[in-house]
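Quick one: sequence and predicted model below, then my questions.
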Amino acid sequence: MKVTFPHMGNLWISVKSLFEGLNLEVVVPPPCSARTMELGVRHSPEFACLPLKINMGNFIEALENGADTIVMAGGWGPCRFGYYAQVEKDILVDLGFKFRLIVLEAPDSRLQDLIKQLKLLGQNVSFFKVVQAIRLGWEKLKAVDELESKLRYYLPRVLDPDRAEKVFAEGLKKVDRANTSMEIREAVLATSDELGGLPQNGCTPLRIGLVGEIYTLLEPASNLRVERRLGRLGAEVKKTVSLPQWVNDHLLGGVLKVGSCREAVACSSPYLNDWVGGHGRETVGYTVQLARQGFDGVVQVGPLTCMPEIVAQSVLGKVSQVEGIPVMTMYFDEQSAEAGVQTRLEAFIDMVRHRKRMNNGSLFSCT
């Protein structure tokens, strides 16, 4: 069995470790590229949202590289994610690919259910082996999240952002190669120290929150690297949705202390009192939280036609007015262009910087 899965940011490092711990041969899809997008767009329904199209490109490239089994998560509710697996399977079969599709449905509170699903997927693995694989995969997931947080902190502060991104990329490689908890920790500490030792520019960055649909938040290919662009424009970005948090909330029942969306859901009232699918309600709640924490602005991202984020966007205007925080919404599809994204971000940052300068009654230090 040669297993593959869709990309979503740097999740591949953790998933690869997990599947290898289950004695599976793993075929990691090539990094998302122009070809990935082109393949996905060509073979997907025109009005399907961007994550489905990128996933299709991932699967086609992985199957071309020898994969014979696709593993992906399931879902339910108003978000169309729950339909992805069946739609993608039908398209790939029509294209002539022969493969097995395994959908891991989120148990939403019972860790035992997740362990059972993974044990069935594994090749003659014991219960203990499954737990070990989950543990190492979880530690790599947390390590990657920590490195991403470090990069978001240092990117607007260093003189050479290119060097910071290279150090981060090397750190990811070290985490991927690690086979023990000690090696993972050493990789994180070494990378953090190297980032902290880079020459800094002395500026005080803006603080910008990033909210929205989880795939568009986490996969740079889907948002044209919004997070990195903001960092290079002098903004420290806080990404409100993380992979460890999602796994903890939906697969582990929130038993671990890695953050939770529950407080954000509570903060969404009275602006949005009902669940609208996806991360729509969390988008509203996190925007309220960011405003009350003194952030300078919020950028909402999502795939074009994403219903939960459209509902959230309709509420964010009121949130912006009442809570006193600038909010910009950006939707992405295969027609999105780097120049347009860069121009909008530059204009937003200039506006936020001017607003901060006016509120402070003095020049902002990072002009």
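The structure has been received and is ready for your questions.

Every contact and neighbour count from this point should use C-alpha atoms.
Fine.

how about stretch 21-37 as PDB, C-alpha atoms only?
C-alpha atoms of stretch 21-37 as PDB (Å, rounded to 0.1, in the frame of the first residue of the first chain):
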ATOM      1  CA  GLY A  21       4.700   4.800  12.100                       C
ATOM      2  CA  LEU A  22       1.800   2.600  10.900                       C
ATOM      3  CA  ASN A  23       4.200   0.700   8.600                       C
ATOM      4  CA  LEU A  24       2.800   2.400   5.500                       C
ATOM      5  CA  GLU A  25       4.800   3.500   2.500                       C
ATOM      6  CA  VAL A  26       4.100   7.200   2.000                       C
ATOM      7  CA  VAL A  27       4.000   9.100  -1.200                       C
ATOM      8  CA  VAL A  28       4.000  12.800  -0.300                       C
ATOM      9  CA  PRO A  29       2.500  14.900  -3.100                       C
ATOM     10  CA  PRO A  30       4.900  17.400  -4.700                       C
ATOM     11  CA  PRO A  31       4.700  20.900  -3.200                       C
ATOM     12  CA  CYS A  32       1.700  22.800  -4.600                       C
ATOM     13  CA  SER A  33       2.800  24.500  -7.800                       C
ATOM     14  CA  ALA A  34       1.400  26.100 -10.900                       C
ATOM     15  CA  ARG A  35       1.100  22.600 -12.400                       C
ATOM     16  CA  THR A  36      -0.800  21.400  -9.300                       C
ATOM     17  CA  MET A  37      -3.300  24.300  -9.700                       C
END
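
my read: residue 180 touches residue 136, true?
Yes. In this structure residue 180 lies within contact range of residue 136 using Cα atoms under 8 Å: 7.3 Å.

Which one of those two is surrounded by more residues?
residue 136 (21 against 13; other Cα atoms under 10 Å).

where's that one relative to residue 331, distance?
Distance, residue 136 to residue 331, using Cα to Cα, to the nearest Å: 35 Å.

Tell me how many other residues surround residue 262.
Residue 262, neighbours per other Cα under 10 Å, totals 12.

any idea how far it is from residue 245?
11 Å.

got it, and residue 314?
Distance from residue 314 to residue 245, by Cα to Cα: 26 Å.

more crowded one of these two?
residue 245 (21 against 11).

Wait, that one touches residue 256, no?
No. Using Cα under 8 Å, residue 245 makes no contact with residue 256, being 9.0 Å away.

In this structure residue 2 contacts residue 25, no?
Yes. The pair residue 2 / residue 25 is scored as a contact, 4.9 Å apart, by Cα under 8 Å.

Break the protein down into its domains, please.
Domains of the chain are assigned by the TED database as 2-124, 138-155+157-204, 205-366.

any idea how far residue 301 is from the spatially most central residue of the chain?
Central residue of the chain (Cα atoms, centre = their mean): residue 218, 1.7 Å from the mean position. Separation of residue 218 from residue 301 (Cα to Cα) stands at 10 Å.

What is the lowest-mean-pLDDT helix or strand in the chain packed up against?
Least confident helix or strand, the chain: helix 111-121 with a mean of 74, by mean pLDDT, DSSP states H and E. In this structure, helix 111-121 packs against helix 127-154, with contacts taken as 3 or more Cα pairs under 8 Å, 6 or more residues apart in numbering; DSSP states H and E.

And the helix it packs on, what's buried?
129-131, 133-145, 147-148, 150-154 (16 or more other Cα atoms under 10 Å).

quick check: angle from it to helix 111-121?
Angle of helix 127-154 versus helix 111-121, following axes from the mean of the first three to the mean of the last three Cα atoms, to 10 degrees, is 110 degrees.

After helix 127-154, which helix or strand is next?
Moving toward the C-terminus from helix 127-154, the next helix or strand (DSSP states H and E) is helix 161-177.

continuing past that following helix, what's the next helix or strand?
Next element after helix 161-177 (DSSP H and E): helix 181-196.

Against which helices or strands is the next helix-or-strand element following that following helix packed?
Using DSSP H and E, the helix or strand that directly follows helix 181-196 along the chain is strand 206-212. Packed against strand 206-212 by the contact rule (3+ Cα pairs under 8 Å, 6+ apart) you find strand 235-239, helix 280-292, strand 297-303.

which neighbours does strand 206-212 have in its sheet, and in what orientation?
If you go by DSSP bridges, strand 206-212 pairs up with strand 235-239 (parallel), strand 297-303 (parallel).

Now do whichever helix or strand comes after the last one: distance to the chain's middle.
Sequence order places helix 307-323 as the next helix or strand after strand 297-303, per DSSP H and E. When C-alpha coordinates are averaged (Cα atoms, centre = their mean, to the nearest Å), helix 307-323 and its chain have centres 21 Å apart.

Could you list the buried residues of whichever helix or strand comes after helix 307-323?
Next in sequence after helix 307-323, counting helices and strands by DSSP H and E, comes strand 327-332. Across strand 327-332, burial judged by 16+ other Cα under 10 Å covers 327, 328, 330, 331, 332.

Please enumerate residues in contact with stretch 45-56?
6-7, 32, 36-37, 39-41, 43-44, 81, 84, 88, 215-216, 222, 303-306, 332-334 (Cα atoms under 8 Å, 6 or more residues apart in numbering).

Equivalent analysis for stretch 190-199, please.
Identification of contacts with stretch 190-199 by Cα under 8 Å, 6+ apart yields 147, 150, 151, 154, 158, 159, 160, 164, 167, 168, 170, 171.

ok, now with 10 Å
Here stretch 190-199 makes contact (Cα atoms under 10 Å, 6 or more residues apart in numbering) with 146-147, 150-151, 153-155, 157-161, 163-172, 174-175, 185-186, 188-189.
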